[in-house]
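Could you work out the structure for the sequence below:
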Amino acid sequence: MQDDARTIAEAKEIVRRFCEERDWDQYHNPKDLAVGMVTEGSELLEIFRFKTPEECRELLSDPKRLEEIRDELSDVFYFVLRFAQMNDIDLFSALEDKIAKNDAKYPADKVRGCNRKYDEY
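Numbering: from 1, shown residues only. Down below sits the predicted model:
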């Protein structure tokens, strides 16, 4: 699997190079990149809308639908990477910091097997 062999920095560089070749920096302010994340996330969600968990698994096993899902997921990832790249955010550190915060909010011994929000238990 390539995810095991490649870095976030490499992914950011792919996105940076692609955008700079098209002179898109001027359009990639924080608001518009955040809008892009939500828009593309909605397109991913639309694929699964009104589907049962079993139907969702079936979509993932259909090569044509899997390609659509991969494309939409990649679009979301693109905007996340671009936002981080344009705003000097270290995604790996941000993830570690957020997981530490969530660990305090959602201690495993209290929430194991429970999907309620931290203020509901």
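
what about the closest residue to D90 other than its chain neighbours, distance to H28?
Take D90 and drop its neighbours on the chain: the residue closest to it by C-beta to C-beta, 6 or more residues apart in numbering is A84, 7.6 Å away. (Each C-beta comes from the backbone N, C-alpha and C, glycine too.) Relative to H28, A84 is positioned 11 Å away (C-beta to C-beta, to the nearest Å).

Where do the domain boundaries of this protein fall?
In terms of domains, the chain is parsed into 7-89, 91-121 (source: automatic domain parsing).

could you give the mean pLDDT of the first one?
Just to be clear, that refers to domain 7-89. Mean pLDDT, domain 7-89: 98.

from now on call the first residue 50
Got it, first residue is 50 now, which makes that one domain 56-138.

end-to-end on it?
End-to-end distance for domain 56-138, by C-alpha to C-alpha, to the nearest Å: 15 Å.

count of residues packed around the residue nearest to V160 when sequence neighbours are not counted?
Among residues not flanking V160 along the chain, Y170 sits closest, at 6.5 Å (C-beta to C-beta, 6+ apart). The burial count assigned to Y170 is 10, neighbours taken as other C-beta atoms under 10 Å.

so what's Y170 up against?
K159, V160, C163 (C-beta atoms under 8 Å, 6 or more residues apart in numbering).

how close does the last one get to C105?
In other words, C163. The value you get for C163 to C105, if C-beta to C-beta is used, is 22 Å.

try the first one
Distance of K159 to C105, given as C-beta to C-beta: 29 Å.

and the spatially most central residue of the chain, which of the three is it?
Closest to where the C-alpha atoms of the chain average out (C-alpha atoms, centre = their mean) is F126, at 4.8 Å. When classified by DSSP: H, G, I helix; E, B strand; the rest coil, F126 comes out as helix.

With that, I have no additional questions.
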